[in-house]
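**Q** coords below, sequence missing:
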DNA sequence: GGAATTTGTCAAGTAAGCTTACAATCATGT
DNA sequence: ACATGATTGTAAGCTTACTTGACAAATTCC
């Protein structure tokens, strides 16, 4: 599979959500999302004129995290403070997925997910090998790997 | 971060999309999605009565793939045939993410994403270490790792 | 207790979704 | 070329959802 197509399928930063769907995923009400937006906690794209709001993965993650800390008893203000560190981490997670999920190949008839170089100097590529529904890691010499 | 909260943020199978958002992501029209649903190619949840359709990650991936092959000149029927193998692979990819993204930790002050055992017998845990925006892999002895 | 936060609710208007139907386009086969 | 089926566009009529604004009800904070 070409990498650009593959990326299109796993890149969370390409996701778009409506307010209704985001509410269901995060377990909040539309009123809450709009208020949080008004306070500057969550951004919604394309709310120009009267068009419907569009949220991205970042907003979705924010909403889920804020709701999580609200449920733990924190006030909205404190919840927003607490999610800052998590947001930075989640952004890194997404970049890791973009960076390391290089593609899908087949090695010895088994599905192999190419995660890129484990050790670039030694030219070793790290694969996730899927066998009977279970997955395990495997190092493959770059000169052997078939792409 | 607790694993259940972490999973909530990266598990693609929790995603919900409206028809409008799915159209933008896949580059198709609502008419196309409804027709593909009528033909049994794509499933939409909660279309009972007159309520709005809800799509999941599987449907989103299907739509993107079908559109991709349509753009390559294939007919709808052929495009649907061609995506079968990709769909199976994508389902595996999602399960790998669910299975292997165990959590986020800190090792020596650096962000470390725990990917689970690289070699369970040797009790070696595979980490993605993030440093200065770049990420690399690292094996850590399980007895050392701080969780 | 009083003020500020946060959320619910209602109203009125706009936009979008739904189904059905018909038309237009494209592909396939004779 | 012609006929047939597949695929998509478009329109109508209706229902639902979204938006803003305002007021009220909780809730929290000082």
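**A** Done, it's in. What you are looking at is a predicted structure, and each value in this text was computed from that prediction instead of being measured.
**Q** In space, what's closest to the residue in chain A that DNA strand D sits nearest to - neighbours in sequence excluded?
**A** Among all residues of chain A, residue A:20 sits closest to DNA strand D, at 2.7 Å; criterion: CB to the nearest atom of the strand. Yep, even glycine has a C-beta here, placed from its N, CA and C like the rest. Using CB to CB, 6 or more residues apart in numbering or on different chains and skipping the chain neighbours, the partner closest in space to residue A:20 is residue B:18 (6.4 Å).
**Q** So the one you found sits against residue A:23, correct?
**A** No: Residue B:18 is not in contact with residue A:23 according to CB atoms under 8 Å; the separation is 11.3 Å.
**Q** Could I get the buried residue list for the longest helix along chain A?
**A** Counting residues, the longest helix in chain A under DSSP state H turns out to be helix A:76-100. For helix A:76-100, the neighbour count (16 or more other CB atoms under 10 Å in any protein chain shown) marks A:79-80, A:83, A:86, A:89-90, A:92-97, A:100 as buried.
**Q** any idea how far the biggest strand by length in chain A is from the chain center?
**A** Counting by DSSP state E, the longest strand found in chain A is strand A:110-119. Relative to the centre of its chain, strand A:110-119 is centred 19 Å away, using CA atoms, centre = their mean, to the nearest Å.
**Q** can you give me the angle the next helix or strand after that strand makes with strand A:110-119?
**A** Sequence-wise, the next helix or strand downstream of strand A:110-119 (DSSP states H and E) is strand A:124-131. Angle between the axes of strand A:124-131 and strand A:110-119 is 160 degrees (criterion: axes from the mean of the first three to the mean of the last three CA atoms, to 10 degrees).
**Q** what about strand A:124-131 and chain B, any contact?
**A** Yes: against chain B, strand A:124-131 shows contacts by CB under 8 Å from any CB of the partner chain at A:126, A:128, A:130.
**Q** that older thread, please state the offset of the longest helix of chain A from the chain centre?
**A** Taking CA atoms, centre = their mean, one finds the center of helix A:76-100 at 10 Å from the center of the full chain.
**Q** again, but for stretch A:26-42
**A** Averaging C-alpha positions (CA atoms, centre = their mean) puts stretch A:26-42 21 Å from its chain's average.
**Q** Buried residues of that stretch, list them for me.
**A** The neighbour-count criterion (16+ other CB under 10 Å) identifies A:26, A:28, A:32-33, A:36-37, A:41-42 as the buried residues of stretch A:26-42.
**Q** hang on, the earlier thing: after the longest helix of chain A, which helix or strand is next? Please name it.
**A** Remark: after helix A:76-100, the chain's next helix or strand is strand A:103-107, criterion DSSP H and E.
**Q** Would you mind pulling up the elements that that next one packs against?
**A** If you count contacts as 3 or more CB pairs under 8 Å, 6 or more residues apart in numbering or on different chains; DSSP states H and E, strand A:103-107 packs onto helix A:3-10, strand A:110-119, strand A:124-131.
**Q** now whatever helix or strand comes next after the first one against helix B:3-10, angle please.
**A** Per DSSP H and E, the first helix or strand lying C-terminal to helix A:3-10 is helix A:19-26. With the same axes, to 10 degrees as the criterion, the two stretches helix A:19-26 and helix B:3-10 enclose an angle of 160 degrees.
**Q** contacting residues around helix A:19-26?
**A** Contact with helix A:19-26 is made by A:17, A:28-30, A:33-34, A:44, A:52-53, A:55, A:59-60, A:63-64, A:66-67, B:14-18, B:21, B:52, B:54, as judged by CB atoms under 8 Å, 6 or more residues apart in numbering or on different chains.
**Q** buried sites along that helix?
**A** Buried, per 16+ other CB under 10 Å, within helix A:19-26: A:19-23, A:25-26.
**Q** filter the buried residues of helix A:76-100 by proximity to chain B?
**A** Contacts with chain B within the buried residues of helix A:76-100, as defined by CB under 8 Å from any CB: A:86, A:89-90, A:92-93, A:95-97, A:100.
**Q** if I look at residue A:31, how far off is residue B:86?
**A** Counting by CB to CB, to the nearest Å, the separation of residue A:31 from residue B:86 is 40 Å.
**Q** for residue A:85, same thing?
**A** Distance from residue A:85 to residue B:86, counting by CB to CB: 36 Å.
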